[in-house]
Structures are given as C-alpha cells and as structure tokens.
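**Student:** make a model of this:
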Amino acid sequence: MGTDEAELERQVRQGAAVYTPLFLPFYDWWVYGFAVRVMRCPPGEFRTFYELNVSEHHLDIGVGSGSLLKHCLRQQLLERVTLMDLNPNCLLAAEKALRPLPVRKVQGDMLKPFVMDNPRFLSVGLNFLLHCVPGSFREKGVVFKHIKDVLAPGGLVFGSTAIYQGGARHAPARFLFDRYNQAGVFHNREDTQDDLQQVLGELYENVEMVQEGCVLFFRASDAPLE
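**Tutor:** Reported below is the predicted structural model:
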C-alpha cells in the first residue's frame, strides 16, 4: 500500500471511529435535532426522501443509527435489507433498530469494491455519508461504480450529503463545517453539486438533485425517475 493510500485509509477510519457506542444513542438528536437545522434543512425531509425512494430489497451504506430504515420498516416498505458500514458499532445499532426484520451485515469500506454474493439490489441508499469521506466527488465518487456492480437493472441509488461549496452561505453552517473539517469528521470543502452531477451522469442515464439549505439530495438510475 502506497503512502497516499495509507493516509486515505487512515482518514476514512478516523472519520468512522466517531460513531462509538456512547455517541450512537445521541446520533439522531445531534444530526436531526441540531446539525441539519443549522444547515437549514427541515429534518422531516430525510424521512420523506427515504419513503419515496427505498425498495423492498435495499442496501444501505453508512447506516448511522438505522433510524431512517426503522421508519421505513414501520411503513412496511422493507422486506430484505443489507447494511454496509466500516464501523461495527453502526451495524449493530442499525440491526437492533430493524428488529425483528432479519438483516445482512457487511463491514466494508465504500471506496473499495464490494464483497457480496450476487445481490442485485433494487435500491441503494447513502444518507449523510459522502461528506464524511476524504477527497472530492471525483475521487470518492468511485462508490457509485461499486454500487452499479450490485444494482439490479433499473435500480435506484439515492442519498444526501452536506454540501460546502454553494451551500454554507450563512455563518452558523460555515462554522459547523469548518470545525468538523478541522477535526477530520467532515471532508466536504471541495464538494460541489456540479462535480456530483458529472460523476453520476457518467454512470447513470438519469440524475436528479434537490438542494435544501446546505443539504443536497440526489438520486440516479438507468430507468426513468418518477
């Protein structure tokens, strides 16, 4: 492994290490009760977005506490779910949130090819993940190539990310983003909507994006987006 690759892996693991068993019970309060409000995005937008885009056979990457999937389960929108995360604490928390639904857990790095047995998911979600991963969208966008390898024909990839460039126009959001970037929790100073649009557009026929405050919601598919 080269020096650059080793440093990238160190940064990825540093960001994932934040999600400890002590922090995860407060994750939803911090993210949806505080952080997204600072970013001027209504918390309810995340649940609505998942409701509209999740499928019965779903892969979730960067699962957090699993609260959005738990909401979808209550709406009877899920039948088979695979959870993928670098942090085993998040996998356990999301698995617990989804009980009694059986789930498959995969501990893995989204920047590396996925190790899965012929899955073919109908939907893949990445909620509030990309801004935690080092590099620009041109670099960390490799995850969308890995997703295409496990997505069923006509399947949908969707998610959200905190966007710095063109997003953090007001002081509280800039302060939050700057502190998180300095701490190595966020890596979104280079992130732009145009870059994400280009990365997705090179892989999928149809791409749609909507920005709410500093949060960019996106979805892409080779099938028409309804």
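**Student:** hey, which helix or strand in the chain has the poorest pLDDT?
**Tutor:** helix 3-16 (a mean of 58; mean pLDDT, DSSP states H and E).
**Student:** following element in sequence after that one, please.
**Tutor:** Counting by DSSP states H and E, the element after helix 3-16 in chain order, helix or strand, is helix 27-30.
**Student:** and after that next one, which helix or strand comes next?
**Tutor:** Trace forward from helix 27-30 with DSSP H and E and the next one is helix 36-38.
**Student:** which secondary structure elements does that following helix contact?
**Tutor:** helix 171-183 (3 or more C-beta pairs under 8 Å, 6 or more residues apart in numbering; DSSP states H and E). To be clear about C-beta, it is placed using only N, CA and C from the backbone, and glycine gets the same treatment.
**Student:** can you list contacts of the next helix or strand along the chain from the helix it packs on?
**Tutor:** Later in the chain than helix 171-183, the nearest helix or strand by DSSP H and E is helix 193-201. Identification of contacts with helix 193-201 by C-beta atoms under 8 Å, 6 or more residues apart in numbering yields 130, 136-138, 141, 144, 161, 163, 165-166, 207, 209, 211, 216, 218, 220.
**Student:** and the helix or strand following helix 193-201, which strands flank it?
**Tutor:** Next helix or strand after helix 193-201 toward the C-terminus (DSSP H and E): strand 206-212. According to DSSP bridges, strand 206-212 forms sheet pairs with strand 215-221 (antiparallel).
**Student:** pLDDT averaged over the strand it pairs with - what is it?
**Tutor:** Averaging pLDDT along strand 215-221 yields 97.
**Student:** touching it from outside, list them.
**Tutor:** 36, 39, 41, 45, 49, 53, 144, 154-163, 167, 193, 196, 200, 203-211, 225.
**Student:** filter the residues you listed to the buried ones?
**Tutor:** 36, 39, 41, 45, 49, 53, 144, 155-163, 167, 193, 196, 200, 203-204, 207 (16 or more other C-beta atoms under 10 Å).
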